[in-house]
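K.L.:
Provided below for reference: sequence and predicted model.
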Amino acid sequence: MISIIIPVYNQAEKIIKTLASIARQSYRGYEVIIVNDGSTDAVEAAFTVYYRGLKDDNHYLFLNQSHQGAPAARNRGVREAQGEYLFFCDADAVLVPTALELMLQGLVDNPGASYAYPSFNWGRKLFPVGEFNPDKLKIAPSIHTMALIRRDDWPAAGWDESVKKFQDWDLWLTMLEQGHVGVWVPSVLFTVSGGGTMSSWLPSAAYKFLPFLPAVKKYRAALEIIKNKHGLA
């Protein structure tokens with residue numbers, strides 16, 4: 001079974017589209033765990049209305065906690081998860097109907113891989129990602145949080161709740177240090193709408209030509225934190 005864990009903070013409107021895309025999955029062996037990280041926009045009420053009209057036999061669990069950030073919300077979901085696979089889904093992402101099926105097939109076909117990750121769209125921008133390359137992974141982040149992970153290979157410490165940015169990169173570097181690698185599924189399997197509170201993105205040119213922007217300064221500072229943690233500085 002796949003445990004789909006969705007951390008959500010003030011995404012009441014967007015999460016309904018995410019849940020609808022999950023309900024359309026060709027692979028049906030999943031559970032959905034939603035962790036409301038202290039939202040103030042009636043996320044629980046929106047989910048309740050959606051759930052009442054849902055025709056889906058899979059298990060759904062809605063959890064509330066005080067606002068602690070996405071890593072803490074994801075860790076809470078892991079503690080409740082029953083599946084042998086973990087899938088951390090953003091609350092502003094829409095999956096194609098074959099997303100779970102293709103990622104699971106990627107792990108079945110590659111027993112030496114600990115997680116399967118696809119290409120994806122961020123709004124209109126395509127992130128093709130590409131074949132897994134440990135050296136490339138050590139240089140810069142490229143693999144999204146939304147990968148299918150074998151529960152047996154999940155780090156005991158879970159998500160580092162002190163990391164505020166590059167949480168996905170931190171996770172994949174941690175798993176690499178533990179001998180766990182990924183496999184690329186060469187298909188675009190989800191689209192992130194962007195503009196959410198769990199993640200953000202700027203055009204690459206901004207980091208080169210607009211170093212004075214507060215967002216760019218935060219980006220570079222966060223980059224150094226991860227590099228120092230993993231000995232990449």
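P.N.:
Arrived safely, thanks for sending.

K.L.:
Wait, residue 123 touches residue 192, no?
P.N.:
Yes - here residue 123 reaches residue 192: they are 7.4 Å apart, a contact under C-beta atoms under 8 Å. Glycine gets a C-beta too; all of them are placed from N, C-alpha and C.

K.L.:
More neighbours: which of the two?
P.N.:
It is residue 192, of residue 123 and residue 192, that has more neighbours when counted by other C-beta atoms under 10 Å, with 25 against 11.

K.L.:
List the beta-bridge partners for that one.
P.N.:
In this entry, residue 192 is beta-bridged to residue 93, residue 122, by DSSP bridges.

K.L.:
where does it land on pLDDT?
P.N.:
Residue 192 is assigned a predicted lDDT (pLDDT) of 95.

K.L.:
From residue 124, how far off is it?
P.N.:
Separation of residue 192 from residue 124 (C-beta to C-beta, to the nearest Å) stands at 11 Å.

K.L.:
What segments of this protein are strands?
P.N.:
For the chain, the strands defined by DSSP state E occupy 2-8, 30-37, 59-65, 85-88, 93-95, 115-122, 125-127, 148-150, 182-192.

K.L.:
Return the most buried member of those strands.
P.N.:
The highest average neighbour count among those, using mean count of other C-beta atoms under 10 Å, belongs to strand 2-8 at a mean of 26.

K.L.:
between it and strand 30-37, how many degrees?
P.N.:
Between strand 2-8 and strand 30-37, the angle comes out at 20 degrees (axes from the mean of the first three to the mean of the last three C-alpha atoms, to 10 degrees).
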